[in-house]
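> Whatever this is, show me its structure:
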Amino acid sequence: MVQDDPGQILVFTYDYEAGEDFEVLSQLETSTTVQILQTAEEETVPEISQPDEYVGHVVRYQVDGGPVSPTTLVFIRNGSISTGETGTLGEEATMFSPTLNLLSTDVE
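Numbering: from 1, shown residues only. Here you go, the predicted structure:
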């Protein structure tokens with residue numbers, strides 16, 4: 001389970017699975033996170049003026065019934081989450097950045 005309050009969790013709209021459990025596989029390099037949280041023209045969006053304040057993580061959903069559970073990325077601005085920890089995405093999410101197609105949700 002996630003140890004500290006991770007603050008705001010961002011996930012791409014097409015990867016969001018409400019209420020799904022996940023396990024953290026690894027942390028992204030800061031430079032990779034910054035690239036992902038910018039436009040294709042390497043510009044910041046109004047919602048994320050400092051992409052280097054976010055930490056990106058590769059997570060795997062713990063979905064039953066499939067041969068391989070899907071992996072995705074999540075981004076956290078405050079708090080901490082470590083490799084090997086598990087959590088559950090919130091049941092509700094709000095649009096955070098339409099330009100980057102990111103939702104904001106909580107994690108348990």
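> Now do the same for the longest strand seen in the chain: mean pLDDT, whole number.
The residue-count maximum for a strand in the chain (DSSP state E) belongs to strand 86-97. In this model, strand 86-97 has a mean pLDDT of 93.
> ok, now stretch 12-28?
pLDDT averaged over stretch 12-28 gives 93.
> Also stretch 33-47?
Stretch 33-47 shows a mean pLDDT of 93.
> All the strands of this structure, in order from the start?
Using DSSP E, strands in the chain cover 9-12, 21-27, 55-61, 71-76, 86-97, 102-107.
> what packs against the longest one?
Strand 86-97 is packed against strand 9-12, strand 21-27, strand 102-107, with contacts defined by 3 or more CB pairs under 8 Å, 6 or more residues apart in numbering; DSSP states H and E. All C-beta atoms are positioned from the backbone trio N, CA, C, and that covers glycine.
> Please repeat the previous calculation with a cut-off of 7 Å.
Contacts defined by 3 or more CB pairs under 7 Å, 6 or more residues apart in numbering; DSSP states H and E place strand 86-97 against strand 21-27, strand 102-107.
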